[in-house]
Structure formats: structure tokens, C-alpha cells
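S.K.: The following block contains a protein sequence and its predicted model.
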Amino acid sequence: MIEVNHVSFRYETAPWVLKDVSLAIEEGERVALVGPSGYGKSTLAKIIAGYLQPLEGEVLWEGKPLPQYGYCPVQLVYQHPEKALNPRWKMKLSLAESGVSDPRILQELGIQQQWLERWPNELSGGELQRFCVVRALGEKTRFLIADEMSTMLDAMNQAHIWRFLLRHAAEKKMGMISITHNLYLAEQVADRIIDVPSINRIQVKAENL
Ligand SMILES: Nc1ncnc2c1ncn2[C@@H]1O[C@H](COP(=O)(O)OP(=O)(O)OP(=O)(O)O)[C@@H](O)[C@H]1O
């Protein structure tokens with residue numbers, strides 16, 4: 001179970017992005033975080049995955065803070081795969097570093113053997129995103145956060161990746177947190193939809209919406 005308890009966050013001296021945010025997500029649950037731009041959905045995702053530390057409050061995983069070393073059971077896949085991969089590593093090295101080698105996952109995500117010999121800039125955004133998804137699916141992953149993961153993919157590739165992920169999540173009893181502006185997608189992939197503005201006590205200026 002993930003518990004977000006009274007979390008507040010701001011970037012340096014900028015206004016608060018998250019204020020007194022609390023939520024709980026059960027083991028294996030699939031939730032969607034929705035809301036307009038600027039309400040801190042991506043920031044919350046990074047805090048839940050341990051990439052950012054809250055300035056107030058805490059995030060607990062099974063009653064304890066996320067482990068600081070070793071494999072993180074909460075993995076995050078971003079909207080921009082090119083920013084998530086080391087440009088100086090061939091794809092096979094990025095894959096090896098993640099420790100995920102299950103050939104069935106590679107096959108189900110349509111990753112071709114020849115892609116492994118390429119550099120990130122020699123693959124399309126959709127092809128790179130498949131690698132980012134694989135990298136996040138280690139045996140110890142208990143929650144996957146998909147932050148606008150499929151926004152830059154065409155409809156067919158979106159459907160392919162989501163179908164695979166939902167099947168994988170059900171098999172492994174892995175929870176998912178999906179962040180999307182697409183309410184239709186949220187309803188398809190989540191059991192529960194959380195409206196972030198309703199749990200975040202910030203005031204967002206109209207020009208930022
Ligand atoms: N690294 C950063 N440094 C400073 N400000 C940031 C940083 N990242 C995000 N922000 C600001 O924090 C606020 C919340 O951003 P965030 O990306 O979390 O919102 P969001 O709800 O995910 O938006 P969107 O739906 O457009 O992706 C925005 O005003 C954004 O400009």
C-alpha cells in the first residue's frame with residue numbers, strides 16, 4: 001500500500017505546487033490521477049516514486065519510507081522517453097542495466113532484436129517508450145506510475161502497450177497509477193479516478209490553466 005500523508009511541495013521559492021495532499025492506494029489497485037495542467041500531477045508522481053522529497057508530509061510504502069538504496073518497488077515511466085534514457089548507451093546496455101531480461105516481455109512489447117544494437121537517437125519515440133516500459137517492469141516492481149506515458153504514441157501503439165500492461169499488472173498483482181488528461185483512457189485503465197485539484201489545496205492562477 002502507498003500512503004501519501006499531508007504532502008506539500010514547491011520548487012525552490014516558486015509558489016506551492018502541492019499543499020497538504022493525502023491519498024492512499026491499495027496493493028494491486030489501479031488509479032488514475034486527472035486534472036488540468038499545473039495542479040502538480042507530475043510533481044506528485046515524482047514524489048511518490050521517490051525522485052523528489054516532499055517539503056512537508058511523507059510518502060510511505062507498506063508503512064515505511066521508500067528504500068533509499070537498491071531497487072525501488074515504485075517505478076515511473078514519463079511522457080518523454082528520450083529524457084529517461086542515457087544517450088551514450090546503446091539500447092542493450094540500458095536494458096541490461098535495468099535487470100529486466102524476460103524475453104516474453106520484450107516480445108509482447110514488440111521490441112525487435114535489431115533495436116538493441118542502436119543508440120536512443122536511432123529509434124522513434126514510440127520505440128523508445130517500449131524500452132522505458134520494459135525497464136520499469138523488474139520482478140520487484142509493485143507499482144507502476146505511467147505519467148502521460150502514451151500521449152506521443154499513435155492510437156494503435158497506445159492500445160498495444162496498454163493491453164500488455166493491464167494484462168501484466170493483473171498477472172503480477174502490480175498496482176498502477178496513470179496520469180492522463182484523457183478521461184476516456186482513465187476510465188479504461190483505472191478502477192478509481194482521483195481528481196487532483198480536489199485533494200490539492202493550492203490556488204492555481206487562471207493564466208496557468
Ligand atoms: N523542475 C521544475 N522547476 C520549477 N517549477 C516546476 C518544475 N517542474 C514543474 N514546475 C512547475 O510546477 C507546477 C506543476 O507542474 P506539474 O508538471 O507537476 O503539473 P501537471 O499537473 O503535471 O501539469 P501537466 O498536466 O501540464 O503535465 C507548474 O506550474 C510547473 O511550471
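M.R.: Everything's here; your move.

S.K.: Do a quick rundown of the strands in the protein.
M.R.: Listed in chain order, the strands of the chain (DSSP state E) span 2-10, 16-25, 30-34, 56-61, 74-77, 143-147, 175-179, 192-195.

S.K.: Can you say which of the ones you listed is nearest to the ligand?
M.R.: The ligand sits nearest to strand 16-25 of all these, at 4.3 Å, using C-beta to the nearest ligand atom. For every residue, glycine as well, the C-beta is placed using N, CA and C.

S.K.: That closest one vs strand 2-10, what angle?
M.R.: Here the directions of strand 16-25 and strand 2-10 differ by 180 degrees (axes from the mean of the first three to the mean of the last three C-alpha atoms, to 10 degrees).

S.K.: need the strands of the chain in a markdown table with mean neighbour count, mean pLDDT and distance to the ligand, can you?
M.R.: Listed next are the strands of the chain as a markdown table, based on neighbours: other C-beta atoms under 10 Å; pLDDT from 0 to 100; distance: least, C-beta to the nearest ligand atom, whole Å:
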| stretch | mean neighbour count | mean pLDDT | distance to the ligand |
| --- | --- | --- | --- |
| strand 2-10 | 18 | 97 | 8 |
| strand 16-25 | 18 | 96 | 4 |
| strand 30-34 | 23 | 97 | 9 |
| strand 56-61 | 16 | 97 | 15 |
| strand 74-77 | 23 | 96 | 12 |
| strand 143-147 | 24 | 96 | 7 |
| strand 175-179 | 24 | 97 | 7 |
| strand 192-195 | 14 | 96 | 12 |
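
S.K.: quick one, which of those is nearest to Gln114?
M.R.: strand 74-77 (23.1 Å; C-beta to C-beta).

S.K.: longest single helix anywhere in this protein?
M.R.: helix 155-172 (DSSP state H).

S.K.: Check which residues of that one are buried.
M.R.: Asn157, Gln158, His160, Ile161, Trp162, Phe164, Leu165, His168, Ala169 (16 or more other C-beta atoms under 10 Å).

S.K.: Need the residues that contact that helix.
M.R.: 28, 30, 105, 108-110, 126, 129-130, 133, 137, 141, 144, 146, 149-150, 153, 174-176, 185, 188-189 (C-beta atoms under 8 Å, 6 or more residues apart in numbering).

S.K.: Please pick the buried ones from the residues you listed.
M.R.: By 16+ other C-beta under 10 Å, the contacts of helix 155-172 give 28, 30, 105, 108-109, 126, 129-130, 133, 137, 141, 144, 146, 149-150, 153, 174-176, 185, 189 as buried.

S.K.: In helices, which of these appear?
M.R.: Going by DSSP H, the helices hold Ile105, Glu108, Gly126, Gln129, Arg130, Val133, Leu185, Val189 from the buried ones among the contacts of helix 155-172.

S.K.: Of the residues you listed, which is the nearest to Asn86?
M.R.: When these are compared against Asn86 (criterion: C-beta to C-beta), the nearest one is Gln129, at 15.5 Å.

S.K.: what's around Trp119, how many residues?
M.R.: 13 (other C-beta atoms under 10 Å).

S.K.: distance of the residue nearest to it when sequence neighbours are not counted from the ligand?
M.R.: In this structure, Trp119 finds its nearest non-sequential neighbour in Lys90, 5.9 Å apart by C-beta to C-beta, 6 or more residues apart in numbering. Distance from Lys90 to the ligand, counting by C-beta to the nearest ligand atom, to the nearest Å: 29 Å.
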